[in-house]
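Engineer: just to be clear, the model below is a prediction. Sequence and coordinates:
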Amino acid sequence: PVRVTALVPAAENHVSGSSYRPGDVVRHYGGKTTEVANTDGEGRMVLADALAYAVRQHEPDLIVDVATLTGAMKVALGLRTGGLFATDDDLADRLRAAGDRVGEAWWRMPLLDDHAEDVRGEMADVRQMPPGPGGVVAALFLREFTSGLRWAHLDIAGSGRSDKSYAEVVPGATGVAARTLIEFVEGLRDSARA
């Protein structure tokens, strides 16, 4: 009873004559435009396109994205806890509880509306790297592409890789969020059946 569609937006931060530059204005899928401030923010640019595409092409009830979006999460939460941003409490609670059940730690971070205006662009609709708290403004940037749908962002910048073994994790990519997402969807399935 639960339809899941997975999109994998990917980018390589690579120098070439056709690379985007600071000051460029990029038009995303769906038409929204973004001022480029820092070429190291390529992940959020392709993720914004994927969010806009998902909304228009798949008409979801809710969206959960996972990304190694900001070093700010690594600084704030360390290497074993992921950041969780969500547009509503129920979605955040369900994701955090799913993570708890499968041994993946998530800490809810605020979508501070005090910084929502910082995301607005001067030359475009939005700014890719606005000033303010890094993780919060990155999430607020992504929220601009969700068309008001229920949405959560799981930031795995710190927890996505490990340099040493702990619990069941070995050095390298941890696969964090995969178990949380499966458990989350199973919870949605159980709710739909009830």
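Structural biologist: Arrived safely. Residues are numbered from 1 along each chain as shown.

Engineer: can you give me the helices for this protein?
Structural biologist: Ranges of helices within the chain are 42-58, 71-77, 89-102, 116-119, 134-143, 178-193, based on DSSP state H.

Engineer: which non-adjacent residue is nearest the residue most central in space within the chain?
Structural biologist: Compute the mean C-alpha point of the chain, and by CA atoms, centre = their mean the closest residue is residue 153, 3.7 Å away. What sits nearest to residue 153 in space, not counting adjacent residues and going by CB to CB, 6 or more residues apart in numbering, is residue 85, at 4.4 Å. Heads up, the C-betas are built off the backbone N, CA and C, glycines and all.

Engineer: so who does that neighbour touch?
Structural biologist: 108, 109, 110, 111, 135, 136, 139, 152, 153, 155 (CB atoms under 8 Å, 6 or more residues apart in numbering).

Engineer: give me the beta-bridge partners of the residue nearest to residue 174 when sequence neighbours are not counted?
Structural biologist: Excluding the flanking residues, the one nearest residue 174 by CB to CB, 6+ apart is residue 162, at 5.4 Å. On the basis of DSSP bridges, residue 162 is bridged to residue 172.

Engineer: ranking the helices of the chain by burial, who's on top?
Structural biologist: Comparing these by mean neighbour count (mean count of other CB atoms under 10 Å), helix 134-143 ranks first with a mean of 24.

Engineer: name the residues that touch that helix?
Structural biologist: So helix 134-143 is contacted by 44, 47-48, 51, 65, 69-73, 76, 83, 85, 87, 109-112, 115-116, 118-119, 126-131, 151, 153, 155 (CB under 8 Å, 6+ apart).

Engineer: residue 62 is in contact with residue 147, isn't it?
Structural biologist: No. Residue 62 lies out of contact with residue 147 (CB atoms under 8 Å); the separation is 11.8 Å.

Engineer: out of the contacts of residue 85, which is nearest to residue 173?
Structural biologist: residue 155 (15.6 Å; CB to CB).

Engineer: how many other residues sit next to that closest one?
Structural biologist: Residues lying near residue 155 (other CB atoms under 10 Å) number 29.

Engineer: do you know how far the closest residue to it other than its chain neighbours is from residue 147?
Structural biologist: Excluding the flanking residues, the one nearest residue 155 by CB to CB, 6+ apart is residue 83, at 3.7 Å. Distance, residue 83 to residue 147, by CB to CB, to the nearest Å: 22 Å.
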